[in-house]
Structures are given as structure tokens and as C-alpha cells.
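K.L.:
Build the 3D model from these lines:
(one chain, ligands or ions: 2)
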Amino acid sequence: MNTKNEILLSQFIKNRDELHQPDPQAFAAILKAVEEASGKVHSVISRAGLVDVLGAAGSENIQGEQVQKLDLYANEQFIESLGACNHIAAVLSEENDEIITLNDSGEYLFATDPLDGSSNIDVNISVGTIFSVFKRKRKGPVEKEEFHRHGYEQAIAGYVLYGTSTVLIYTCGKGVHAFTLEPSSGEFVLTNESIKTPQNGNIFSVNEGNYYTIEKGIQDYIEHCKKLNEKGKRTHTARFMGSLVADFHRNLLKGGIFIYPATADAPEGRLRLLYECNPIAMIAEQAGGLATLGKKRLLDIKAKEIHERSPFFTGSKVMMNKALSYLD
Ligand code: F6P
Ligand code: MN
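P.N.:
Ligands and ions are numbered 1, 2, ... in the order given. A predicted model of the protein is given here:
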């Protein structure tokens, strides 16, 4: 098959300086590091089963979850590439209890879930990397409290979805842009500039195994999604893969809503504010969607802890407003 006239991520960043203000050089270097690390993760994922990356590493992370071998591999690649880019002072990763300090003179902080949905890797289902970048407010050695920021302060937010193809999506506050990895060259190629999510949709993504442990308003919204129309046909469709990046990406392109509320097992919510909800929320808003932790805008929350969790609702405006109308 012919390939199209290709614009590489590196060229796009260089040619679209206005998107990357106030610091085009640093943004280019940070995104280059993401490109490099995720390319390596892609190579290993695409050969999982052939190389020894499947299964648990035999330890638990700070959240009490089984760490997978691939979690550790992805974490190492990101820390190494970000260390070499010089602009990152410290990394907050789901895989490390404490922040990793890299370069005291770096002007940015990087928060990441290096391998989201990692339990899916053993069964050949899509996984992702999620990342968020803040500009530092001071110089010198980094204290972890520097990560206690509002979501709206993010300078860059993005994710990589290792799916049927590998795509990198990012925003730096001026639209959402998507690039697809060309595996033969290891380069990400522009495939969707200025993504806009549909204002409405019919997909609802929620783990219904939690149904009896979630608040009544959300139960009622789920019932609303299951209602038939006057012809006896379904009005919505349910999709939940268990990989946030994959569930969000599908809904971003097709229109839908993703909900991970507070549950009996996860009374604060399950997803992590700084490296799961924040970056996805910034992308959702930049694409014309909404993201909340209930009625309140998620990006208005200021983190109090580095591994803090949050309830999370995100999706198309019409569906989100309908869902929020069921909440107290
Ligand atoms: O990182 C947390 C995560 O794996 C998300 O990718 C996903 O949306 C969620 O957990 C699934 O959680 P559960 O298995 O409780 O539905
Ligand atoms: Mn995750």
C-alpha cells in the first residue's frame, strides 16, 4: 500500500512553533523523548510472547497492584529517555513510590503511567502510556510537593496507545494532534491534526461489576443508557476494555462517555489524578469534550498527594451533561 505525504512528529513540532509557545525547543525535546521511549515499548509489545515480558514481575506497586514485567520495562525506557533530554527535572511514575530526580536545572516536571492497562498485555489487548508535563515554578533540587499542581496548569498532556497500530496523541493547549508510528522507520507520522470529538455519542464505558457499589445517580444514568427507544431498539452501546487509554481513545473518536466513579473497593476512585485523569482531561477538553470528578471540572483540582486518586467522568458534551444531571 502507498504511504501518504508524510509529516513527521519532529517536523510538525518544528513547523508549528506557534503551537509550542512559550518554549518550543523544550517541548520538542520532551516530545522527542516520549517518541523514543514509546518506540522501544512498541517494539517489545509487538513481540510479547517471543521475548520474556509477559506476566508479573513479582512485586506490588504503591497502589498494592501486581507490577507486570512490562510495567518495569516501560518505566525504565521513559526515565532513560527523559533523563537524556535535559529539560526534565523529575519524573513522577506510577511505578515508583517516590519521584525520580533527573536534572536539577530542568525546567519541567513529568508525570506518567508508563504502561496503562498492563494486565491486558498477557491477553494481547491494547495498553498505553499516559503523560503530563508541568513547568516548574522554581529552580534547584525538586521536592515532591512541586507536583501538587492544578490540572489546568499542564503544559503538555498526551498518551500513546499501543493498539492495532501505535498512536501518539498530545496537546499543549492548542488542539489535539495524533501521530501513527511507522514501525519500519521508528518515526511517528501526523495522521490527525486538530481532533474534535463528537458533541454526542452512544457509547458508555463503565465497569458494571461495580454497579451495586456506586452512587445511585450513576446507577440511574446507566439505566438511562440501557433504555430502549419507542421501536424497542437499544439507544446506547456498552464498551469497557479495562485499559483507560484504549477506552478513552475510542470514545474520543466515536463519541461516548467513560466513567470510573468512587466504588466500595476504591472509595476515592481508582484512577490516579496526576498521571491518568489530568492528561486525559486536558485532551478531552482540547478536543471539545468534558472531564469532571462528579459535577466539578477535573482540571480545577489541585493535587494534594503525588499518587492521589480521583473519580473520573469524561466524554462527549451532550452525554456528559446528561450523566451529570443525575448527580446530586
Ligand atoms: O490504570 C488503571 C486501569 O487499569 C485503567 O487502565 C482501567 O480503566 C481501570 O484500571 C480498570 O479498572 P477495573 O479493572 O477496576 O475495571
Ligand atoms: Mn493505568
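K.L.:
What is the burial count for Glu223?
P.N.:
11 (other Cβ atoms under 10 Å). Every C-beta, even on glycine, is put in place using the N, C-alpha and C of the backbone.
K.L.:
Next: the one 3 residues further on.
P.N.:
By other Cβ under 10 Å, 13 other residues sit near Lys226.
K.L.:
go on, Asp220?
P.N.:
Counted with other Cβ under 10 Å, Asp220 comes out at 13.
K.L.:
What residues does the stretch 51-200 of the chain have near ligand 2?
P.N.:
For the stretch 51-200 of the chain, the contact set with ligand 2 under Cβ under 5 Å from the ion comprises 113, 116.
K.L.:
which residues touch whatever residue of the stretch 51-200 of the chain ends up closest to ligand 2?
P.N.:
Across the stretch 51-200 of the chain, the shortest distance to ligand 2 (Cβ to the ion) belongs to Asp116, at 3.5 Å. Applying Cβ atoms under 8 Å, 6 or more residues apart in numbering to Asp116 gives the contacts 127-130, 159, 243-245, 276.
K.L.:
For it, which non-adjacent residue is spatially closest?
P.N.:
Using Cβ to Cβ, 6 or more residues apart in numbering and skipping residues adjacent in sequence, the residue nearest Asp116 is Gly128, 4.4 Å away.
K.L.:
ok, now which ones touch the one you found?
P.N.:
The contact partners of Gly128, by Cβ under 8 Å, 6+ apart, come to 113, 115-117, 159-162, 243-246, 249.
K.L.:
and if you look at Thr191?
P.N.:
The contact partners of Thr191, taken as Cβ under 8 Å, 6+ apart, are 167, 178-180.
K.L.:
Toward the C-terminus, what is the element adjacent to whichever strand or helix holds it?
P.N.:
Of the helices and strands defined by DSSP states H and E, Thr191 is found in strand 187-192. As assigned by DSSP H and E, the chain's next helix or strand after strand 187-192 is strand 203-205.
K.L.:
What are the contacting residues of that following strand?
P.N.:
Against strand 203-205 from outside (Cβ under 8 Å, 6+ apart): 222, 225, 236-240, 247, 250-251, 254-259, 319.
K.L.:
Inside helices: which ones of those?
P.N.:
222, 225, 247, 250-251, 254, 319 (DSSP state H).
K.L.:
Which among those residues count as buried?
P.N.:
222, 225, 247, 250-251, 319 (16 or more other Cβ atoms under 10 Å).
K.L.:
Dihedrals phi and psi, Val176?
P.N.:
Main-chain dihedrals, Val176, degrees, to the nearest 10: phi -120, psi 130.
K.L.:
give me the number of residues near it?
P.N.:
The burial count assigned to Val176 is 25, neighbours taken as other Cβ under 10 Å.
K.L.:
And the pLDDT at it?
P.N.:
Note on Val176: pLDDT of 98.
K.L.:
from now on call the first residue 44
P.N.:
Let's use 44 as the start, then, which means that last one is Val219.
K.L.:
Please list all residues in contact with it.
P.N.:
Residues near Val219 by Cβ under 8 Å, 6+ apart: 212-213, 237-238, 326, 329-330.
K.L.:
Tell me what it is bridged to.
P.N.:
Residues in a beta bridge with Val219, per DSSP bridges, are Thr214.
K.L.:
Look up how far Phe174 lies from it.
P.N.:
14 Å (Cβ to Cβ, to the nearest Å).
K.L.:
now Phe301
P.N.:
18 Å.
K.L.:
for the stretch 44-193 of the chain, what spans make up the strands?
P.N.:
Applying DSSP state E, counting those that start in this stretch to the stretch 44-193 of the chain gives strands spanning 99-103, 109-111, 131-136, 143-144, 151-159, 170-178.
K.L.:
Buried residues in the last one, which are they?
P.N.:
For strand 170-178, burial by neighbour count (16+ other Cβ under 10 Å) applies to 170-177.
K.L.:
Let me have the residues you listed in TSV, extended by pLDDT.
P.N.:
Formatted as TSV, the buried residues of strand 170-178 follow (pLDDT from 0 to 100):
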residue	pLDDT
Val170	97
Gly171	98
Thr172	98
Ile173	98
Phe174	98
Ser175	98
Val176	98
Phe177	98
